[in-house]
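*Asks:* Any chance you can model this:
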Amino acid sequence: VYMQLIETVRSNLSSLHQYMDMRKKWLKLKELQVWDLYVPLIGSVNVQYTYEEAVDIIVASTAILGDEYQEQLKEGLTTHRWVDRFENAQKRSGAYSSGCFDSKPYILMNFHGSFQDMVTLAHEAGHSMHSLYSRKNQPHMYAEYPIFLAEVASTFSEDLLFQHLLKQNIPQDLQDYIKDQQLERVRSTLFRQTMFAEFELAIHEFVENGVPLTPKMLKECFIRLNKDYLGPAVVLDPLLSAEWSRIPHFYHSFYVYQYATGISAAHFLSQNLLSSGDPSNYLRFISSGCSKSPLETLFDSGVDMQGVEPTVSLIKSFNNNVNYFLSGGSFQ
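*Replies:* Reported below is the predicted structural model:
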């Protein structure tokens, strides 16, 4: 799976290079610097949601999963009070879904009513519904799903929300903003994390071959990978060569690739669901916990992560969104 991911992404780097060219033109820059990658193509959208409005939209986006799923989701986000959504003194920042086998799948976040807050709520609700179904359908020893699967349901939930909104009569700037969000999710989660995975593999291979790990060699390896992945449109600041040293994931062996496999699997599941209209594969997936190996759980749900199809499908969607902006931000 690891090698297949790197090989598949490597063979499709032209898609990322095209995106960088488009980004440079869209932002009207003479030089595209690394920090320019974090500037949104669409600066902001003037939309606000009450918590209740956001819940209604998120629940509506899951209609294809059936009445039972929708009812449990809505109850959890409202009357069952899963979500601690208000700011409070000394409250931990960020957004989390947590709990244990015999508790509710609680969500911790601060909801201020922005579009991104709604996306975050959908993401964490995906985690919580995964936990709810696993705990309801598996005994205690098999109820905790493994880290390899953890981000699949949450990203899947985001996908359903985006697809639901794009089918509504929403303003053009919100359409553009959603497309921009989709592009950045793939750039930062598929391409960037696969580049990190390739770096992590390289440094372990250095050690296996008896090559000492020096800062100079690590910096050279990291900047070379950035050059390969980002392509000729991006100017690489020399300080970028040391970015590896502040990324904590590299101190937990072979973790980052799971972000890339997770978004690929989630996209493939959502596309299959939207094309077939049959939620059984997805409901089977979130009900499985750790009763089988992660690859078996995904395979039983129609996703073969040992093949190239899930990753290629995601890159194809990425290309479609690049073409959307190349056409000026209107549907083709």
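*Asks:* wait, doesn't residue 165 sit right on residue 178?
*Replies:* Yes. Under the criterion of CB atoms under 8 Å, residue 165 makes contact with residue 178 at 6.1 Å. All C-beta atoms are positioned from the backbone trio N, CA, C, and that covers glycine.
*Asks:* shared neighbours of these two, anything?
*Replies:* Overlap of the contact sets of residue 165 and residue 178 (by CB atoms under 8 Å, 6 or more residues apart in numbering) is empty.
*Asks:* Would you mark the buried spots in stretch 183-192?
*Replies:* Within stretch 183-192, the residues that qualify as buried are 183, 184, 185, 186, 187, 189, 190, 191, 192, counting by 16 or more other CB atoms under 10 Å.
*Asks:* meant to ask about stretch 130-147
*Replies:* Buried residues in stretch 130-147 (16+ other CB under 10 Å): 130, 131, 132, 133, 134, 135, 137, 138, 143, 144, 145.
*Asks:* any low-confidence regions in the stretch 51-200 of the chain?
*Replies:* Scanning the stretch 51-200 of the chain for pLDDT under 70 picks out nothing.
*Asks:* so where do the strands sit in it?
*Replies:* 83-84, 96-98, 106-108 (DSSP state E, counting those that start in this stretch).
*Asks:* Can you spell out which helices and strands pack onto the last one?
*Replies:* Packed against strand 106-108, as judged by 3 or more CB pairs under 8 Å, 6 or more residues apart in numbering; DSSP states H and E, are the following elements: strand 83-84, strand 96-98, helix 115-137.
*Asks:* just checking, which of the ones you listed sits deepest inside the structure?
*Replies:* Across those, averaging neighbours per residue (mean count of other CB atoms under 10 Å) puts helix 115-137 on top, at a mean of 22.
*Asks:* what about residue 30, how many residues close to it?
*Replies:* Other residues near residue 30 come to 6 when the count uses other CB atoms under 10 Å.
*Asks:* Only alpha carbons, please: show stretch 301-320 as CSV.
*Replies:* Output in CSV follows, covering the C-alpha atoms of stretch 301-320 (Å, rounded to 0.1, in the frame of the first residue of the first chain):
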residue,chain,number,x,y,z
SER,A,301,-16.7,-1.9,1.5
GLY,A,302,-15.6,-1.8,-2.1
VAL,A,303,-12.3,0.0,-1.7
ASP,A,304,-9.1,-1.8,-2.7
MET,A,305,-6.2,0.2,-1.2
GLN,A,306,-3.7,-2.2,-2.7
GLY,A,307,-4.7,-1.0,-6.1
VAL,A,308,-4.3,2.4,-7.8
GLU,A,309,-8.0,3.2,-8.4
PRO,A,310,-8.9,5.1,-5.2
THR,A,311,-5.9,7.4,-5.6
VAL,A,312,-6.3,7.9,-9.3
SER,A,313,-10.0,8.7,-8.8
LEU,A,314,-9.1,11.4,-6.3
ILE,A,315,-6.5,12.9,-8.6
LYS,A,316,-9.0,12.9,-11.5
SER,A,317,-11.4,14.9,-9.2
PHE,A,318,-8.5,17.3,-8.4
ASN,A,319,-7.9,17.8,-12.1
ASN,A,320,-11.5,18.6,-12.7
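*Asks:* for it, which positions count as buried?
*Replies:* Buried-residue list, stretch 301-320, by 16+ other CB under 10 Å: 301-303, 305, 308, 310-312, 314-315, 317-319.
*Asks:* who touches that stretch?
*Replies:* By CB under 8 Å, 6+ apart, the list of residues contacting stretch 301-320 reads 1, 4-5, 8-9, 12, 15, 18-19, 182-183, 186-187, 190, 260-261, 263-265, 267-269, 271-272, 281-282, 284-285, 288, 295, 298-299.
*Asks:* Sounds good, over and out.
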